[in-house]
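Chemist: Got a predicted model here, sequence first, then my questions.
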Amino acid sequence: MFTDSKDVLYLVISFCVVWVTFFLCWMFYYLMRLLRNANQIVEEFRVRLQALTEAINYIRGKVEHMSGLLTLVTDGASGLLQKVIAKKTNEWVNTGSDKINKTAKDAVAKAVAETAKKMKKVTKSIKK
C-alpha cells in the first residue's frame with residue numbers, strides 16, 4: 001500500500017486538505033447564519049420603526065384635529081361673547097339714553113370694539 005514516504009506525505013496532505021475544506025465549509029455555514037440573523041434583526045428594526053412612525057403620524061393628526069376644533073370653539077365663543085356684550089351694552093345705553101349723550105354712546109361703542117380686539121388677541125394666543 002505505501003511504497004515509500006512520499007505516499008505517506010500525500011496521504012497526510014490529502015487528510016489536511018479534507019480537514020481544511022471541512023473547516024472552511026463549517027465557517028461559511030456559521031458566517032451565513034450570522035448574516036441571516038443580522039438581516040432578521042435589521043428587518044425587525046425596520047418594522048418597529050415603521051410602526052413607531054405611523055403612531056407618531058396618527059398622534060400628530062389627532063393633535064392637529066384637536067387644534068382645529070379648539071380654534072373653532074374659541075372663535076365661536078369669542079363671537080358669542082362679543083354679541084352678548086354688544087347686546088347688553090346697547091340695552092344699557094338704550095334704557096339710559098335719556099341721561100347719556102352721543103359722546104357717551106360713542107365711548108361705549110369704542111370700548112366694545114376694544115374689548116373685541118383684545119378677545120381676538122387672546123384667542124390667537126390660545127391657538128398658538
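Modeler: Perfect, I can see it now. Please read these numbers as outputs of a predicted model, since none were measured by experiment.

Chemist: C-alpha only now, for contacts and for neighbours.
Modeler: Fine.

Chemist: show me the biggest helix of this protein in terms of residues.
Modeler: Taking DSSP state H as the criterion, the chain has its longest helix at helix 5-95.

Chemist: So which elements touch it?
Modeler: Other elements packing on helix 5-95 under the criterion 3 or more C-alpha pairs under 8 Å, 6 or more residues apart in numbering; DSSP states H and E are helix 102-127.

Chemist: follow-up on the earlier one: quick one: work out the angle between the longest helix of the chain and helix 102-127.
Modeler: Orientation check (axes from the mean of the first three to the mean of the last three C-alpha atoms, to 10 degrees): helix 5-95 against helix 102-127 gives 170 degrees.

Chemist: Give me the pLDDT value at Val73.
Modeler: Looking at Val73, its pLDDT reads 75.

Chemist: Next: Leu34.
Modeler: Looking at Leu34, its pLDDT is 96.

Chemist: can you check Val108 too?
Modeler: For Val108, the model assigns a pLDDT of 70.

Chemist: And it, how close does it get to Lys120?
Modeler: 19 Å (C-alpha to C-alpha, to the nearest Å).

Chemist: Equivalent analysis for Lys105, please.
Modeler: Distance, Lys105 to Lys120, by C-alpha to C-alpha: 23 Å.

Chemist: Ok, Ala55 next?
Modeler: Distance from Ala55 to Lys120, counting by C-alpha to C-alpha: 34 Å.

Chemist: Show me which of the two is the more surrounded one.
Modeler: When Ala55 and Lys120 are compared for neighbours, Lys120 comes out ahead with 17 against 12, by other C-alpha atoms under 10 Å.

Chemist: Show me what the helix or strand bottoming out on mean pLDDT in the chain is packed up against.
Modeler: The helix or strand of the chain with the poorest confidence is helix 102-127; it has a mean of 72 (mean pLDDT, DSSP states H and E). Counting contacts by 3+ C-alpha pairs under 8 Å, 6+ apart, helix 102-127 is packed against helix 5-95.

Chemist: Centre of the chain to the helix it packs on, how far?
Modeler: 11 Å (C-alpha atoms, centre = their mean, to the nearest Å).

Chemist: That'll do, ta.
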